[in-house]
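>>> I would like to see how this sequence folds:
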Amino acid sequence: RKEYVDLYVNYMFNESVRKPFEDFMQGFLRGCPARNWKMFLPVELQVVLQGHTTIDWHLVEKNVRYRQYNKSDQTIKDFWTVFHKLSEEKKKMFLVFLSGCDRIPGSQLECFTFYIEDPQAKNPDEVLPRASTCYLILFLPR
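Numbers count the residues shown, from 1 in each chain. Okay, here's the model as predicted:
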């Protein structure tokens, strides 16, 4: 029985995916030769490929830039008070809303910047927050 299980596991996890994996690896290495990856430790390579999975949200807050707002405006203070009370999952959902991704690219954690801008609506109570994912702008009505 043990031999059968070992053979079955080997087939499922190795043999059955060998050809697709080799095809993927060949294409991947054509665009990114292996010699370029040798400079990274495995943990560093994971961050480069996947982005940061843990985020210092206070650093993100520190790097935000404001348009038609000041950091001392009550709307901004209220936004950050509510934001910091959110669960990690909800904060990442906000990041998806803002940027289209739940992670910050590997090289940008310390300098990740987005903008909070007042859309200057005539009646701000009738306008919902929206985001420009290409430009990392959160349009936050007063």
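>>> okay, CA-based contacts and neighbour counts for the rest of this
Fine.
>>> Can you give the domain ranges for the chain?
Split into domains by the TED database, the chain comes to 1-39, 57-139.
>>> got CSV for these, with mean neighbour count, mean pLDDT and distance to Gln50 too?
Below are the domains of the chain laid out as CSV (neighbours: other CA atoms under 10 Å; pLDDT from 0 to 100; distance: least, CA to CA, whole Å):
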stretch, mean neighbour count, mean pLDDT, distance to Gln50
domain 1-39, 11, 88, 14
domain 57-139, 15, 92, 7
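>>> TSV for these, including distance to Val47?
Listed next are those as TSV, based on distance: least, CA to CA, whole Å:
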stretch	distance to Val47
domain 1-39	12
domain 57-139	5
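>>> which one of these lies closest to Val48?
domain 57-139 (4.6 Å; CA to CA).
>>> residues in contact with the spatially most central residue of the chain?
Computing the C-alpha centroid of the chain and ranking residues by CA atoms, centre = their mean puts Arg103 first, at 1.3 Å. The neighbours of Arg103, taking CA atoms under 8 Å, 6 or more residues apart in numbering as the test, are 50-53, 92, 95.
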